[in-house]
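*Asks:* sharing a model prediction with you, sequence too.
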Amino acid sequence: GSLCREQGALFVELPPGGAPGIEKGSLLRIKKAVYGLIDAPREWYTALQQTMDESGFKRSQLDSCLYYAWEKGRLIGALAIHVDDILFTGTREFQDIYMEKLRAKYPFKHWKMNEGEFLGRYLKKNNDGSISVNQKEYCDKMKTIELTRERRREKEADLNEKERSQLRGVAGALNWITTATRPDMAAATASVQQKITSAKVGDIAQANQAVAEARDHKHVTITIQSIPMSELALLVTADASWTSENDLKSQGAYMICATTKDVEQGHPVTVSPLKWKSQKQERAVSSTLAAELLTVSKGVAEATWMRHFFCEASLENYDLTNDERQCMNIPIIAVTDNKPLYDHIHADHGICQDKRLAIEILLLRRDVRRYNVTLRWIDTAQMLVDCMTKTRIKPQLMRHVLATGRYAIMEENAMLEAKRAHRHTRNAMK
């Protein structure tokens, strides 16, 4: 129907060349939502929401842009909306009934099945049921900043406005791939971003190296593998660098992967990266322990939130206010390479002198004891996200895990014994 705009009626002139049946020089009154106007997004969402309700979709309680389709207590499809882009998955029944209703209502310009581009990512459903996501074409198009030979020699000179603008463009491109599909580029991206305001000519070389690395490893792919709900667990690997580098002060990073419950048994298991983040700590901290704790806590909180989504997708009559029992069926395994943090969380009593830090320890300790959260300690060499906080750490482990979809956590006592044996061998060789 027609819109009633609070600001009054809205009129537009005819476009160049006019319109059939309308006299030249006429004014047109806008009666409905038009793309580009401030009320268009809300009107589009309202209309789409009505269509989804009429088509039998059930909106998520956790995300208003996520919808489910159920038949006799069985989930047959899911659909996610980003403005006017839609991504869906489901059975043939879901496609034939639910999606055909949407296609009849809206004339979609592009409709791609099993593979195609979505929000700048290339998605593909593989023969084994897994879904791969990459940005190979985007990485191919990333450009470095060109400088003359004479300008490159002025390493300590301040950037001019054009160079700084170009550096911002490079930082934006790096951040885009890092957040979408390339966690292996997180530390390099953070380093470039944090230097923009005070960057020198020499810093452009570092930015160009990051672009070159992104292009050299353009085939890095995120693969989401099939895992039965009865076997599902969430793995949180978290790490922080506390003032260890000038370019990455108090940087924290975590990655959450879908995996299987036998991940705690120490052998390689399936892992599917679902979410990752690398950023400066939100508040100043006074120790490595504090930096590691804040990052682990943030990763566990995010995994807890994601656990609710899996529960919602498992139950047609899901109730957010009463889902604790269902959530407990999906264990969260958090991993740290900070032994003092591991010892603090597993201690029967006692907390540190820093009271603010003590609160975080008590909260994480509560999660471990009450909400099916496990905290494991591993050696730094096994830390998957170590490369996301430190530029000096090469991301070979990260890229290997992304390529194979496999990861293992060595048992704590076995790891300590291996470290003792390594020290003994090293001392014997001196």
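*Replies:* On my side now, so go ahead. Numbering: from 1, shown residues only.

*Asks:* A334 against T295, yeah?
*Replies:* No - the criterion here is CB atoms under 8 Å, and A334 misses it with T295 at 10.1 Å. Glycine gets a C-beta too; all of them are placed from N, C-alpha and C.

*Asks:* which strands or helices does the helix ranked longest in the chain pack on?
*Replies:* Secondary structure assigned by DSSP state H gives helix 288-312 as the longest helix of the chain. Applying 3 or more CB pairs under 8 Å, 6 or more residues apart in numbering; DSSP states H and E, one finds that helix 288-312 contacts strand 232-241, strand 251-260, strand 269-280, helix 324-327, strand 332-336, helix 339-346, helix 355-370, strand 373-377.

*Asks:* more neighbours: which of A334 and T295?
*Replies:* Neighbour tally, A334 and T295, criterion other CB atoms under 10 Å: the higher count belongs to T295, 30 against 25.

*Asks:* which residue, other than its chain neighbours, is closest to the residue positioned nearest the centre of the chain?
*Replies:* The centroid of the chain falls nearest to K275 when counting by CA atoms, centre = their mean (3.5 Å). Of all residues beyond its chain neighbours, the one nearest K275 is I256 (4.7 Å), with distances taken as CB to CB, 6 or more residues apart in numbering.

*Asks:* who's in contact with I22?
*Replies:* For I22, the contacting residues are L14, L28, by CB atoms under 8 Å, 6 or more residues apart in numbering.

*Asks:* ok but it is inside a strand, no?
*Replies:* No - read with DSSP: H, G, I helix; E, B strand; the rest coil, I22 is coil and lies in no strand.

*Asks:* tell me the spacing between it and R29.
*Replies:* Counting by CB to CB, to the nearest Å, the gap between I22 and R29 amounts to 12 Å.

*Asks:* just give me the neighbour total for the nearest residue to E312 once chain neighbours are set aside.
*Replies:* Nearest residue to E312, sequence neighbours excluded (CB to CB, 6+ apart): Y318, at 4.5 Å. Using other CB under 10 Å, Y318 has 19 neighbouring residues.

*Asks:* could you check the pLDDT of Y318?
*Replies:* Note for Y318: predicted pLDDT of 92.

*Asks:* for it, what are phi and psi?
*Replies:* phi -60, psi 140 (degrees, to the nearest 10).

*Asks:* residues contacting it?
*Replies:* Y318 makes contact with Q61, C311, E312, Q326, according to CB under 8 Å, 6+ apart.

*Asks:* give the full set of residues in contact with the second one.
*Replies:* Read that as C311. Y318, D323, Q326, C327, I330.

*Asks:* follow-up on the earlier one: single out the most deeply packed of the helices and strands packed on helix 288-312.
*Replies:* Of all the helices and strands packed on helix 288-312, strand 232-241 has the most neighbours on average by mean count of other CB atoms under 10 Å, namely a mean of 27.

*Asks:* quick check: angle from that strand to strand 373-377?
*Replies:* 50 degrees (axes from the mean of the first three to the mean of the last three CA atoms, to 10 degrees).

*Asks:* figure out how far strand 232-241 is from the centre of its chain.
*Replies:* From the chain centre to the centre of strand 232-241 is a distance of 13 Å (CA atoms, centre = their mean, to the nearest Å).

*Asks:* and that strand, what does it pack onto?
*Replies:* Judged by 3+ CB pairs under 8 Å, 6+ apart, strand 232-241 is in contact with strand 251-260, helix 288-312, strand 332-336.

*Asks:* centre of the chain to stretch 122-133, how far?
*Replies:* Stretch 122-133 has its C-alpha centroid displaced from the chain centroid by 18 Å (CA atoms, centre = their mean).

*Asks:* for it, buried residues please.
*Replies:* Of the residues in stretch 122-133, those with enough neighbours to count as buried (16 or more other CB atoms under 10 Å) are Y122, L123, I131, S132, V133.

*Asks:* and if you look at stretch 82-102?
*Replies:* Here stretch 82-102 shows I86, F88, G90, F94, Q95, I97, Y98, M99, K101, L102 as buried, counting by 16+ other CB under 10 Å.

*Asks:* ok so, going back, beta-bridge partners for the residue nearest to K275, please?
*Replies:* I256 has the following beta-bridge partners by DSSP bridges: V236, K275.

*Asks:* show me the contacts for it.
*Replies:* I256 neighbours (CB under 8 Å, 6+ apart): L234, L235, V236, P273, L274, K275, W276, G299, E302, A303, M306.

*Asks:* now tabulate those in JSON lines and tack on pLDDT.
*Replies:* Converted to JSON lines, those look like this (pLDDT from 0 to 100):
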{"residue": "L234", "pLDDT": "98"}
{"residue": "L235", "pLDDT": "98"}
{"residue": "V236", "pLDDT": "98"}
{"residue": "P273", "pLDDT": "97"}
{"residue": "L274", "pLDDT": "97"}
{"residue": "K275", "pLDDT": "97"}
{"residue": "W276", "pLDDT": "97"}
{"residue": "G299", "pLDDT": "96"}
{"residue": "E302", "pLDDT": "97"}
{"residue": "A303", "pLDDT": "97"}
{"residue": "M306", "pLDDT": "96"}
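
*Asks:* for K298, grab the count of nearby residues.
*Replies:* Neighbour count of K298, defined by other CB under 10 Å: 20.

*Asks:* for the residue lying closest to it once chain neighbours are set aside, give me its contacts.
*Replies:* Nearest non-adjacent residue to K298, counting by CB to CB, 6+ apart: Y254, 6.4 Å away. Residues in contact with Y254, defined by CB under 8 Å, 6+ apart, are V236, T237, A238, D239, W276, K277, T295, V296, K298, G299, E302, V385.

*Asks:* please tell me how far the first one sits from L147.
*Replies:* So the one you mean is V236. V236 sits at a distance of 42 Å from L147 (criterion: CB to CB).

*Asks:* separation between Q49 and N175?
*Replies:* 32 Å.

*Asks:* R182 - how many residues pack around it?
*Replies:* Residues near R182, counting by other CB under 10 Å, number 30.

*Asks:* again, but for S226
*Replies:* S226: 11 neighbours (other CB under 10 Å).

*Asks:* that one touches D128, doesn't it?
*Replies:* Yes - between S226 and D128 there is a contact under CB under 8 Å: 7.4 Å.

*Asks:* lovely, talk soon.
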